[in-house]
Each structure stands twice: as C-alpha cells, then as structure tokens.
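**Q** the amino acid sequence is not available; the structure is as follows:
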C-alpha cells in the first residue's frame, strides 16, 4: 500500500508505503485481522486519533478479529487464546496477559472479536513500538 498526502495549509507533500499481507480466509486456516488501538480513558475531542501516540503509564485498548477458529464437536464453541507482545527495535519489552476468547456473546463463531487492555509500563522510553497478537487455536491439530 502506498499513500501520498498533501497538506493544504503548507502545500507540503509526504508519502509512505507499507507491505500489507491479506490472509486467504477461504483456506479455513486461523487468521487475525488488523489491530485497532485506542486509549482506554475518555478521548479529548481535540485529540488526533490517527497519530497513534501513547504515553507510558497509559492503558491502551486493542481489538481484533480472529477468523476460522476450529469448533469443538461437542459444544460447537471455539477455544482460542490470544497473547499480546510489545516490541521495540526487534526486542520484546512487554508481555500482556494471555486472553481466553469468550465465545458466549459472539454473533459469528467464524469471526471472533477479541478486545483487551494493555498497561504501558512507566519504564518505556519514547520511540516506535510494535504490538503483536499471537492467536492459538487450542482445538486445532495443526500448529
């Protein structure tokens, strides 16, 4: 994906590109959507949500969807665990608690919504960080 933007006020132009991998959901393998991240607290109307700036000590809510989880033959419910990891410069700096996806309130068991909060510890330095979610289908025979 490549994006170019022009600032109307200054007429400055900027561009960015990123490789985007889109999973094939027809192959029935476990897949994750993109991750949505927001502040857990109330958001100021003047806050630019596209900046994706979070400060240490802040609670960050993340959400994603899990596709194609296996269903237990007896209960017809999936059993999926999600583990969040935060990285900086290729090194893991924070591990969030493992989450068990609650299938009880899900409308579509092939598209499971997962959402949780990760507290950014006070010792995190300013910089670029990456959030990784690892989903494990506990019923799948495949890795």
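**A** That came in fine, so what should we check first? This is a predicted model, so every value here is computed, not measured. Numbering: from 1, shown residues only.
**Q** contact partners for the most centrally placed residue in the chain?
**A** In the chain, the C-alpha nearest the mean C-alpha coordinate belongs to residue 35, at 2.7 Å (C-alpha atoms, centre = their mean). Taking C-beta atoms under 8 Å, 6 or more residues apart in numbering, we find residue 35 in contact with 62, 63, 64, 131, 133. C-betas here are computed from N, CA, C, even on glycine.
**Q** leaving out the residues flanking it, which one is nearest to the first one?
**A** Read that as residue 62. residue 37 (5.0 Å; C-beta to C-beta, 6 or more residues apart in numbering).
**Q** the one you found and residue 15, how far apart?
**A** 23 Å (C-beta to C-beta, to the nearest Å).
**Q** can you map out the strands along the protein?
**A** Counting by DSSP state E, one finds strands in the chain at the ranges 2-6, 13-17, 31-32, 36-39, 59-67, 80-88, 91-95, 99-100, 111-119, 130-137.
**Q** as a markdown table, these with mean pLDDT and distance to residue 23 would be great.
**A** Listed next are the strands of the chain as a markdown table, based on pLDDT from 0 to 100; distance: least, C-beta to C-beta, whole Å:
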| stretch | mean pLDDT | distance to residue 23 |
| --- | --- | --- |
| strand 2-6 | 86 | 21 |
| strand 13-17 | 89 | 20 |
| strand 31-32 | 90 | 4 |
| strand 36-39 | 84 | 17 |
| strand 59-67 | 91 | 7 |
| strand 80-88 | 94 | 15 |
| strand 91-95 | 94 | 24 |
| strand 99-100 | 90 | 20 |
| strand 111-119 | 91 | 13 |
| strand 130-137 | 92 | 12 |
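**Q** against residue 56, how distant is residue 36?
**A** Distance of residue 36 to residue 56, given as C-beta to C-beta: 21 Å.
**Q** if you could redo that for residue 34, that was the one I meant.
**A** 24 Å.
**Q** who has more neighbours, these two?
**A** residue 56 (12 against 9; other C-beta atoms under 10 Å).
**Q** any idea how far that one lies from residue 122?
**A** According to C-beta to C-beta, residue 56 and residue 122 sit 5 Å apart.
**Q** now swap in residue 64 and tell me
**A** For residue 64, the distance to residue 122 (C-beta to C-beta) stands at 26 Å.
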